[in-house]
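K.L.:
With the input below, show me the fold.
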Amino acid sequence: MQYYYGNSMPLRVLDECEFWKQQEEEHTIVIRELVKGLEEEYIDALVKWEAEFRDAHSRVIQFIETTIRTTGTFTYDLYRELTKLVSFCLEQSADFISFCNQLIQESEPIKDNMTAKVVMKHIIDESEYFIGIAQAVLYSKSI
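P.N.:
Got it, this is the predicted structure:
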């Protein structure tokens, strides 16, 4: 994400949240499809993660719609709600990263599948990228 958005930065971070929550939702499907013989407990957990990412994505879309209706003007209260939403998305991604690391270490079909390990690390990298964006916005004093 570029930092030349100025006053539009809150809108830009919402775009990032929307994109990455959808990506993470899709990543749960990729893992389930890629790893043949994945343990049932992990399949169930990934289905749950998929639903949670879908819900987060919906929350972001709803917030974007609210923001559009306020013509992009961020009141203190709206900005506070934006901060809460971005924090939630960031924490969700951090928890998903922990789950993915657990899969790499504990799932037998992943331990024995170099392609799955590479894909899992790529998925982790992408969630870490989003966390970096979210943190930059949350800790920026210029917004």
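
K.L.:
just checking, next helix/strand downstream of the helix or strand in which Val60 is found?
P.N.:
Assigned by DSSP states H and E, Val60 falls within helix 40-69. Remark: after helix 40-69, the chain's next helix or strand is helix 76-106, criterion DSSP H and E.

K.L.:
for the record, mean pLDDT for the very next helix or strand once past that following helix?
P.N.:
Once the chain leaves helix 76-106, the next helix or strand it forms, by DSSP H and E, is helix 108-111. In this model, helix 108-111 carries a mean pLDDT of 95.

K.L.:
Buried residues, helix 108-111. List them.
P.N.:
By neighbour count on 16 or more other Cβ atoms under 10 Å, the buried set for helix 108-111 is Ile110. C-beta: built from backbone N, CA, C; applies to glycine.

K.L.:
repeat for stretch 59-66
P.N.:
Quick answer for stretch 59-66 (16+ other Cβ under 10 Å): Arg59, Val60, Phe63.

K.L.:
measure the last one to Phe99 for me?
P.N.:
If I follow you right, that is Phe63. 25 Å (Cβ to Cβ, to the nearest Å).
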